[in-house]
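A.B. asks: need coordinates for the following:
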Amino acid sequence: MSNATSTQAADLAATETARMVAATPNSKALYDRATRVLPQGVGSSFQAGDPYPLYLERGQGSHVWDVDGHEYLDFHNGFGCMIVGHAHPKVAEAIERAARTGTHFAAPTAATVEFAEVLCERFACDSVRFANSGTEATMGAIRIARAATGRDDIVKIEGSYHGHHDPVMFSVVPNADMMGGRDAPHSTPMSLGIPQSTSAHTHVVPFNDLTVLRRLLEERGDSIACLILEPVMMNIGICQPQPGYLQGLKDLLHEFGALLIFDEVKSGATIAYGGAVERYGVVPDLACWAKAICGGTPGAAFGGRADVMDTIGRGAAQQGTFNGNPLVAAAGLATLTEVLTHDAYAYLADLGTRLATGCADALAAHGIPGHAVDLGAKGCVSYRPEPLTNYRDFLETDTDLYAASYPWAINRGIFMTPGDEEQWTISVQHTADDIDRYVEQFADFCAAVSQG
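C.D. replies: Residues are numbered from 1 along each chain as shown. From the prediction side, this is the model:
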């Protein structure tokens, strides 16, 4: 990006942020109140914003309203959970029925069994267990993999996030000076409070690279239980697997007696009816799902091969008071069987292509260094001319452009994620007009930022 464009982006970010702050005094007041009882004023650190987050009041369809009364088209959609849109009638009815017949028993129900059957059919697995969040799902899958193999060590991808349990909180967002060499990435903890000894059991390799993984397996393969990865990296924008990479991973891991775990917390039920398994044609040993599968309720699951999952009955602990909760199961069933049908994915694909194409055209028309990614209900603009292949490519994206684009969008009635690591999620309640409004404001942004 030219110095003039960079200066224009910084100036635009300052102007638009000031305008956003002036328009949201109730969010500021609620933030000041929240900081007295909530660290950073939010329930999760990912909700924090600069100078403060916008506090929402309600949602309906493809729209949300903040506490200052502003209406937005929602392309944030709860970090990808709300592919059904807000207050979808079928999901709301299922939740209401469950609320009137019992929201919790800590005992199995028919809805729990039926939900498990639907997940197994949809995602090509033999059996599943439930959890309450993506973190719990990945935690359970890793424990089962360790139990099934009798090994302690795991491998993860540099720059990937798999929840906030200790073994996977390494090399999530490492700074360039802490990353190590491209062929030997360091295991750098993301958080304080992680025992130093944990790093000895977590190894890091690059995405879309089998060479570094083979070297690691040749050195210590008899201690490695599994590799966990997002089949599509989704916390650096969107980074897709190169042809043959996922199958190559599975073959290589099996050669050394290790298991492959897909973290489909974000990609499952968003990029295709059957998630990454359907889109890329590779079935992992274990997979994890959350977010979009439960219609906005706090549910998750993991599952896979019967012989691996059967270790739960042979001493591998997996439990939780709310696992398979009837309210969540009811919402999940309505989501997957009544809303997110094959026809719904055809509709989402049309909208996604319309959105990504519009953004790509705007980037090209104004000479902005970036590219647009279209992946079903998910997509993004990354401010780097070439598509990403790994985390280190993401470090080359222009953060100044995103910093300007976020308040610009907010001020024009488009609600977005507060960081450049995630961008849009489309819901089945979005319309072509909603997409065109997004593209229009983005084209105007590209024009404004290129005037330098």
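
A.B. asks: average pLDDT for stretch 276-286?
C.D. replies: With pLDDT averaged residue by residue, stretch 276-286 scores 97.

A.B. asks: what are the buried residues along that stretch?
C.D. replies: By 16 or more other C-beta atoms under 10 Å, the buried positions in stretch 276-286 come out as 276-280, 282-286. Yep, even glycine has a C-beta here, placed from its N, CA and C like the rest.

A.B. asks: for these, could you give me a markdown table that also reports distance to residue 265?
C.D. replies: Formatted as a markdown table, these follow (distance: C-beta to C-beta, whole Å):
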| residue | distance to residue 265 |
| --- | --- |
| 276 | 11 |
| 277 | 14 |
| 278 | 16 |
| 279 | 16 |
| 280 | 16 |
| 282 | 17 |
| 283 | 17 |
| 284 | 13 |
| 285 | 17 |
| 286 | 13 |
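
A.B. asks: closest to residue 336 out of these?
C.D. replies: residue 278 (13.6 Å; C-beta to C-beta).

A.B. asks: quick one: the helices in the stretch 201-350 of the chain?
C.D. replies: 210-220, 245-255, 275-280, 306-309, 326-333, 342-365 (DSSP state H, counting those that start in this stretch).

A.B. asks: turn these into CSV, including distance to residue 399.
C.D. replies: Converted to CSV, the helices of the stretch 201-350 of the chain look like this (distance: least, C-beta to C-beta, whole Å):
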stretch, distance to residue 399
helix 210-220, 27
helix 245-255, 27
helix 275-280, 28
helix 306-309, 40
helix 326-333, 36
helix 342-365, 16
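
A.B. asks: what values do phi and psi take at residue 419?
C.D. replies: phi -140, psi 160 (degrees, to the nearest 10).

A.B. asks: against residue 76, how distant is it?
C.D. replies: Distance, residue 419 to residue 76, by C-beta to C-beta, to the nearest Å: 11 Å.

A.B. asks: so which of those two has more stuff around it?
C.D. replies: Neighbour totals were compared for residue 419 and residue 76, and residue 76 leads with 22 against 16 (other C-beta atoms under 10 Å).

A.B. asks: name the nearest residue to the spatially most central residue of the chain, ignoring sequence neighbours.
C.D. replies: Centroid-nearest residue in the chain, with C-alpha atoms, centre = their mean: residue 266, separated by 3.7 Å. Among residues not flanking residue 266 along the chain, residue 234 sits closest, at 4.4 Å (C-beta to C-beta, 6 or more residues apart in numbering).

A.B. asks: need phi/psi at the one you found.
C.D. replies: phi -130, psi 20.

A.B. asks: with residue 71 instead?
C.D. replies: Taking degrees, to the nearest 10 as the convention, residue 71 sits at phi -100, psi 140.

A.B. asks: that one: neighbouring residues, count only.
C.D. replies: There are 12 residues near residue 71, going by other C-beta under 10 Å.

A.B. asks: show me what contacts the nearest residue to it once chain neighbours are set aside?
C.D. replies: Excluding its sequence neighbours, the residue lying closest to residue 71 (C-beta to C-beta, 6+ apart) is residue 65, at 5.3 Å. Taking C-beta atoms under 8 Å, 6 or more residues apart in numbering, we find residue 65 in contact with 56-59, 71-72.

A.B. asks: contacting residues around the closest residue to residue 198 other than its chain neighbours?
C.D. replies: Nearest residue to residue 198, sequence neighbours excluded (C-beta to C-beta, 6+ apart): residue 166, at 5.1 Å. Residues near residue 166 by C-beta under 8 Å, 6+ apart: 194-195, 198.

A.B. asks: how does it look with 10 Å?
C.D. replies: Neighbour list for residue 166: 139, 189, 191, 193-195, 197-199, 201-202 [criterion: C-beta atoms under 10 Å, 6 or more residues apart in numbering].

A.B. asks: just say helix, strand or coil for the spatially closest residue to residue 47 that is not a sequence neighbour.
C.D. replies: Closest residue to residue 47 apart from its sequence neighbours, by C-beta to C-beta, 6+ apart: residue 53 at 5.6 Å. Under the three-state scheme (DSSP: H, G, I helix; E, B strand; the rest coil), the conformation of residue 53 reads as coil.

A.B. asks: angles on the backbone of residue 53, please.
C.D. replies: Dihedral angles (degrees, to the nearest 10) for residue 53: phi -80, psi 160.

A.B. asks: my guess is it meets residue 40, correct?
C.D. replies: Yes: contact status for residue 53 versus residue 40: in contact at 8.8 Å, counting by C-beta atoms under 10 Å.

A.B. asks: what segments of the stretch 351-452 of the chain are strands?
C.D. replies: For the stretch 351-452 of the chain, strands defined by DSSP state E, counting those that start in this stretch occupy the ranges 371-375, 378-382, 414-415, 424-425.

A.B. asks: output the below-cut-off pLDDT ranges for the stretch 51-200 of the chain.
C.D. replies: Applying pLDDT under 70 to the stretch 51-200 of the chain flags residues 175-177.

A.B. asks: how about the helices in it?
C.D. replies: Under DSSP H, counting those that start in this stretch, the stretch 51-200 of the chain gives helices at 77-80, 89-101, 110-123, 134-149.

A.B. asks: and of the ones you listed, who's closest to residue 329?
C.D. replies: Relative to residue 329, the nearest member of those by C-beta to C-beta is helix 110-123, separated by 4.0 Å.

A.B. asks: now for the closest one, which elements pack on it?
C.D. replies: Judged by 3 or more C-beta pairs under 10 Å, 6 or more residues apart in numbering; DSSP states H and E, the packing partners of helix 110-123 are helix 89-101, strand 127-131, helix 275-280, strand 286-289, strand 300-304, helix 326-333.
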